[in-house]
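S.K.: Provided below are the primary sequence and the corresponding predicted coordinates.
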Amino acid sequence: MKLIDDFLDRITMYRLLLYFLIGLIALATVFSAFKVINYDPIGIILSTLFLVFLSGFVNDVFSKVFNAPKNVESAYITALILALIINPAKSIHDFIFLAFAATLAMASKYILAVDKKHIFNPAAIAIVLTAYGFGGAASWWVGDLALMPVVFIGGYLIVRKIRREDLAFSFVLTTIFLSIFFTILAGGNVESILSQDLLHSSLWFFAFVMLTEPLTTPPTGDLRTLYGILVGALFTPEFHLGTIYFSPELALVVGNLFSYLISPKDKLLLYLKQKIKLSDDTYDFIFQLPKKITFLPGQYMEWTLEHAHPDSRGNRRYFTIASSPTEQNLRIGVKFYPQSSSYKKKLLELTDSDPIVATQTAGDFILKDNPQAKYVFIAGGIGVTPFRSILKYLIDRGQRKDIVVLFSNKKQSEIVYRDVFDDAYRQLGIRTIYTLTDTSSIPEDWDGRKGRIDGKLVMEEIPDFKERYFYLSGPHRMVTGFENSLKSIGIGEDKIVKDFFPGFV
C-alpha cells in the first residue's frame, strides 16, 4: 500500500485518469483483436482517434470564442470516456453521432456554465442531449466482464488519489441495495442481479470515473455521501418517476444539478498581486479577489495554470487556501523543489498579467461544530497553510479555541507564517511548539524542540492529549508518520483528521 500511495503522490489526478483511459482503450483493442470482446478493433481505434481530434479542436474553438483558459487534458479525458461508452463506429451515421457527442460535450463546458464553471459532466450531458436530439444512445460497453478487473483496480486508484471513497461507495451500496430490494419485491433471482450489477455492467466505471469528477461533485464528505445516494437511487434500473426511466447518464446529469445547487459557485480568473519569498524555496502568492467568495478556513481550491508544453503532471493542482475568509486577498503558499514540474516553474515565473483559474472550493479539513472541542494541529513544512487560514480567521473574529500547534521543519529558516502564530498566542493564547529535524544545523540560541514529532513529544507537551482532536497536514509520508505515532499512544482514528493535500510536485 505504501508503494501505491507513493506512486499516487507523484502523479496528478487528471494525468492518472488520462493514462487509465488510454490503457483501457488499448486493452479493449487487443481483446477485440483476439475476439475476447465482441467489437471491431479498427472501429475502436478510428472512433477513439476521431473523438480525440474533434474534442481537442472544438475545445480550442470554444476557448477562443469565450476567452476562457482551456485544459487540454480535460478535452482528451472526455473524448476517451465517450469512446468507452458509445459503441465503436461502423458507418458514416455512427461517426456523425460521435461528432455530435464530442461537440456537445465540449460546448457544455462553456455554454452550460455559470461564471465559467460548468454544471454538468461533459460526457454525460452530451449523451443525454444526443439521445433526445439525435436518437442515439450510449451502450456503456466498457462494462464488459473482460475489462472489469482493470476498470476496478484502475478506478479505485483514481478514487484513492482524490479521496472520494465516500462518494463512490455510497453510490455503489445504494444501487446494490435498491437492486436487491426491487428484485425481491418482484420475486426475481438476487444472485443473478448481483452478478449483473457487479460484473456485467457499467457500475464500477460510472462510480470511479464519471461520478467522481471533482468540478461537478459537492465540496464536503457529508454532501458527497448524499449525492452518491441520490445518483445511486436514480441509477437503479427499476427506479423511475412515472414514465421516466433513468439511464446512467441521465441519473448523473440530475445529480450534477443537485450538486450545483448545494455547492460553491465560484470560478475565479485571478491575477497576481504580490509574490513573497517566505524561505529559500517557499513563496506566498497573493491574488486580488474580483469578488467576495465563500469558503471555510482549511479548505482548498483547484488551480489551473495554462502554460506551453506542460509535462506529465499537467496544468492543474490543488492548493489549500492559506488566507482567511476575513482577508481581502486570496493567498496560497507553495514549496518548490529542484526538479519541480512545468506547472511549478510557470507559477514561479508568474507575473501580474498572467491569468490563473481557481475553482472548486472543497474540503473537510475544518473545525468541528462542537464549540467545546479541543485540538492539536500538527504540520510539516508548507503543510501549515490550512492552519494559517484557521488561526488568522480566529484572530480576526476574536474567537478563542483550545488549540496547540506542533510545527515541524527541517531548518529554522524554513519556518513560515510565524507572525500569525505569534499573534495567535498573544491574542488568543494559542501555543505553537516548533521543532527542527536537521539537528546538525540547529543554532545555539534555538529554544524550541529538536527532532521529529512523535508520541513522546506529544505526551510531554500536551498532557490532556487524549481529550483532543488531531489535525495533520503535510506531505503524505510525513502525515503517515504523524498518524502512526499518534496511534502508538492510543489515539483512535475517530480523533485524527488528515488534510487532502496533493500537489507537492
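M.R.: Noted; the coordinates are in hand.

S.K.: any weak-confidence spans in this structure?
M.R.: 1-3, 5-7, 9, 116, 500-505 (pLDDT under 70).

S.K.: domain parsing for it?
M.R.: By the assignment in automatic domain parsing, the chain contains the domains 2-262, 267-362, 374-498.

S.K.: can you say which of those domains is nearest to Lys368?
M.R.: domain 374-498 (6.6 Å; Cβ to Cβ). Placement of C-beta: from N, CA and C, glycine included.

S.K.: sorry, back to before: now distance to Lys368 and mean neighbour count too, for the domains of the chain, in a markdown table please.
M.R.: Formatted as a markdown table, the domains of the chain follow (distance: least, Cβ to Cβ, whole Å; neighbours: other Cβ atoms under 10 Å):
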| stretch | distance to Lys368 | mean neighbour count |
| --- | --- | --- |
| domain 2-262 | 13 | 19 |
| domain 267-362 | 11 | 18 |
| domain 374-498 | 7 | 18 |
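
S.K.: show me where the stretch 101-250 of the chain has helices.
M.R.: 122-134, 148-162, 165-185, 190-199, 203-205, 221-235, 248-262 (DSSP state H, counting those that start in this stretch).

S.K.: nearest to Phe285, out of the ones you listed?
M.R.: helix 148-162 (23.2 Å).

S.K.: neighbouring contacts of the closest one?
M.R.: Residues outside helix 148-162 that contact it (Cβ atoms under 8 Å, 6 or more residues apart in numbering) are 4-5, 8, 11, 13, 16-17, 20, 23-24, 27, 142-143, 165, 167-168, 199, 204-205, 207-209, 212, 214, 500, 502.

S.K.: gap between that helix and the chain center?
M.R.: 14 Å (Cα atoms, centre = their mean, to the nearest Å).

S.K.: using CSV, write out every CA atom in it.
M.R.: Extracted in CSV, the C-alpha atoms of helix 148-162 (Å, rounded to 0.1, in the frame of the first residue of the first chain):
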residue,chain,number,x,y,z
MET,A,148,-13.8,-5.4,-15.3
PRO,A,149,-10.6,-6.2,-13.3
VAL,A,150,-8.7,-3.3,-14.9
VAL,A,151,-11.7,-1.0,-14.5
PHE,A,152,-12.0,-1.8,-10.8
ILE,A,153,-8.2,-1.6,-10.0
GLY,A,154,-7.5,1.5,-12.0
GLY,A,155,-10.7,3.2,-11.0
TYR,A,156,-10.0,2.5,-7.3
LEU,A,157,-6.6,4.1,-7.7
ILE,A,158,-8.3,7.3,-9.0
VAL,A,159,-10.8,7.3,-6.2
ARG,A,160,-8.0,6.8,-3.6
LYS,A,161,-5.9,9.6,-5.2
ILE,A,162,-8.7,12.1,-4.9
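
S.K.: that one vs helix 190-199, what angle?
M.R.: Following axes from the mean of the first three to the mean of the last three Cα atoms, to 10 degrees, one obtains 60 degrees for the angle between helix 148-162 and helix 190-199.

S.K.: now the angle between helix 165-185 and helix 148-162, please.
M.R.: Using the same axes, to 10 degrees: helix 148-162 against helix 165-185 is 140 degrees.

S.K.: what residue of this structure is the furthest out?
M.R.: Here the chain reaches farthest from its C-alpha mean at Glu444, the gap being 43.4 Å by Cα atoms, centre = their mean.

S.K.: mind checking the SS state of it?
M.R.: coil (DSSP: H, G, I helix; E, B strand; the rest coil).

S.K.: quick check: phi and psi at it.
M.R.: Dihedral pair for Glu444: phi -60, psi -30, per degrees, to the nearest 10.
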